Each structure stands twice: as C-alpha cells, then as structure tokens.
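Undergrad: The following comprises the amino acid sequence and a computationally predicted model.
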Amino acid sequence: MLNLIATSLSLRCQRVAALPLNLRICSTLSSTENQQTVQELYDLSVDIQKVRQLKGWVLHQNPAYTREVSNLLKDMGASGFIISRILADHPEAVLCHPEQMQAQRELWRIVCPNQKELVGIIEKFPASFFTCSSHHDNQRQNIAYFQSLNLNKRIITKLMASAPQSFSRPVEQNEVMVRALQQAYLELGGEEANMKVWLQKLLSQNPFVLLKSPEVLRQNLLFLRDKGFSTAELLHLISKLKGFVIELNPDSMRRSLAYSQETVGCSEAELRNIVLTCPALLYYPEDILAERFEGLLRAGISMSQIMGTPTLLELTTQIVNYRIQRLRERGYAVGAGSLEVLNGTKKNFEMSYGKLQLRTERPIFNPVAPLKVDD
C-alpha cells in the first residue's frame, strides 16, 4: 500500500514538474480532466484530441479561463476559426488570469496599436502573448528602452514576439548587450549616423542576439582579427552574418576554416576572400561542408568554380542537383559556364532560368539579313 501511494505521489510530482514554471502559480493540477474546460473548448471547435495528445496536462488544471480568452480574442477581431486554432496550438492560454491577459493586451498595444496585426502576431506567437508570469514591469521598461533607441515599432514588436525572454528579463541586461553591439560597430569603423539602421537590421534578422553574452561577441571578433581580417572586413562579416556571429565560437570556426582551406587547397588570404563572399563557411560544421563540397564535385563542378562562386555552398546538395538538372535540360553546360545562374534563392534562380530560356528560344536579330516579305 505504501509503495502504491509513493508511486502515485511520484507520478503526480513529475506531472507538476512538467508544467512550465510561469504557469505553476496560476492553477492547480487535478487527477481528472476539467470537464468545464473540455466542454468550452469543444464549443469553440478546438481539436480536443490534439490538445490531449500534445498538452493534455492543461485539461487537468483548475481554474481555467477559456471563455475569457475567447471573448478577449473576439473583442480584438479574431474569427472563430482563428480562436480555435490558437487554443489548439497553445491551450495554456486558458490558464492565464483575465487581468493578466488584459494587462498584456494594453502592453502590446504600445508597440502594435493595430488590433488586426496584433491578432496575427498572437496567432503566430501565442506563447509570447499569453503568460501568467509577473514580468509586466520588465516588459514595460524594455519597451521604453527600445523606444528610446528610436527603433521602429515593427522591430520592437518582432523582438517581443519571437524572443520574449529578452523582454521578461531586467532592462539592464539588454542595455549591456546593445552597448556592446554599438561599441563593436563603431570600433570597426561603422558610422554613427548609420548605427540605428544597422542595429535595427541586426535585431530583426536575429532577435536572439540580445540573449547572448557580450564576451562571446568579443572573443569571436578577436579570433577573426587574429585570422587576418581587417576592421572593415570584420564589420562586413558581422553585418552579413545577420547577428549569427554571436552564435559562433572560436573552436567551431577554427575547425570549419581548417577543413575548408584543406579541401580547397588555398592560401589564408584566398580563404579570407572566400569567407567574405560566403560567411556561411564560418558556421557550417565539417560534416555539412564535406557533403556540400562532395555534392558539387560529383555534379561536375570544379574546385576553381567553387572558389569563384563559394555561395553555392549555402545551398543543399538536393537543391544544387535539382537546379543543375533543369539547366542541363536547356542545354546549359554547368561545368563550362558561369555558376551565377545556380546561385541565390529560389526566386533568383527562377528569374535567371527564365532569362536563359528566353535567350535559347528567341532568335538573335541580324540587322543586315534580308527581311522576308509576302509577295
């Protein structure tokens, strides 16, 4: 009997531990489903089976505020279909107290006054909006701080949606990281007049950059400087890496660069030029680089061609093979011609392919050839 009780308590503790920390204070766990919650979700056409399968613990919480969440979203202009989809993807929303939901709504309206746009954000990032945690003061202070930097409201909204952790923590931590980014930009020769635009672009491309340590940025820049990159080249790199310079570390970059140099058989100066054209070489691990190099070589592309268009290494082998096949169907000799036609996004490739097709179909006009006229 004691063993049975101990096992039951152990399982119960495991289920409580599985709850997100910010929701444990909002509700209590029951051994049976909250039938009122189940019925209200059913009335809203929410996929109950999906909720049970992925986040069944939500249905065991009490109290729950399903009707209040639905009314809030409906008041913001959300359709019944959108409401049901939000609650199916993020049923934890029903555990948030109505006062906290209203506080979040008022907070978000500071940076996103358009209710239709806000509903769209909640649909994509429900966890960023529905939270039972007591971080409203931090969120408000962080919003005020980013507004003081004259950042675009859309950038601040994107940061709040995709990296909510950076807004729930004390504003001082974000101030430290932003100052480190600004200082690095200026020390590398960036112009102060362009710094706001540069920072906005960096944060929009990688919102999680704020969650990293300034020391990581410093170490990575020191490593790249030791590799012979000039200050102007370093500024080019951190701008082109879209903030992912923070995601790197000297050891991984050292291994990737060593593998690329050995595979290509180039000098360090040549390697730097390749990296400036294709910064992806810094963060791809050796196994991915090996697959990309081997795939290009098997497709009949020479190493000198790869050096001339290194951005091909950013494409997967499957994409490269598909594009080469389409080009060959048009009679384009990949091994002899320019590889720029292979490069870029899907849209870029389709445009290049379309121009190539026009050139093969349209006859070249000869101004001195006699015109054919009907008798």
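TA: Looks like it arrived, so ask away.
Undergrad: Now stretch 174-189: buried residues?
TA: Under the neighbour-count criterion of 16 or more other Cβ atoms under 10 Å, stretch 174-189 has N174, M177, V178, A180, L181, Q182, A184, Y185, L188 buried. Where C-beta positions appear, they are placed from N, C-alpha and C, glycine not excepted.
Undergrad: Quick check: next helix or strand after the host helix or strand of D251?
TA: Under the criterion of DSSP states H and E, D251 resides in helix 250-264. Next along the chain after helix 250-264, taking DSSP H and E as the criterion, comes helix 268-277.
Undergrad: Need the residue closest to the centroid of this structure.
TA: N206 (6.4 Å; Cα atoms, centre = their mean).
Undergrad: Could you verify that H236 is part of a helix?
TA: Yes: using DSSP: H, G, I helix; E, B strand; the rest coil, the secondary structure at H236 is a helix.
Undergrad: Return the residue spatially closest to it, with its sequence-adjacent residues excluded.
TA: Nearest residue to H236, sequence neighbours excluded (Cβ to Cβ, 6 or more residues apart in numbering): L276, at 6.3 Å.
Undergrad: measure that neighbour to M303 for me?
TA: Here the criterion is Cβ to Cβ, to the nearest Å. By it, L276 lies 18 Å from M303.
Undergrad: got the residue ranges for the strands in the stretch 251-375 of the chain?
TA: Taking DSSP state E, counting those that start in this stretch, the stretch 251-375 of the chain contains no strands at all.
Undergrad: so where's it shaky on pLDDT?
TA: Within the stretch 251-375 of the chain, the stretches with pLDDT under 70 are 337, 357-375.
Undergrad: In contact with V94, which residues?
TA: With contact set as Cβ atoms under 8 Å, 6 or more residues apart in numbering, V94 has these partners: T37, L41, V58, Q61, A64, Y65, T66, V69, L87.
Undergrad: In TSV: these, plus pLDDT.
TA: Output for the contacts of V94, formatted as TSV (pLDDT from 0 to 100):
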residue	pLDDT
T37	95
L41	95
V58	94
Q61	93
A64	94
Y65	96
T66	96
V69	96
L87	97
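Undergrad: could you dump the residues you listed to a markdown table with secondary structure, distance to I155 and neighbour count?
TA: Listed next are those as a markdown table, based on DSSP: H, G, I helix; E, B strand; the rest coil; distance: Cβ to Cβ, whole Å; neighbours: other Cβ atoms under 10 Å:
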| residue | secondary structure | distance to I155 | neighbour count |
| --- | --- | --- | --- |
| T37 | helix | 37 | 24 |
| L41 | helix | 35 | 24 |
| V58 | helix | 32 | 24 |
| Q61 | strand | 35 | 21 |
| A64 | coil | 35 | 25 |
| Y65 | coil | 32 | 21 |
| T66 | helix | 33 | 23 |
| V69 | helix | 28 | 24 |
| L87 | helix | 29 | 26 |
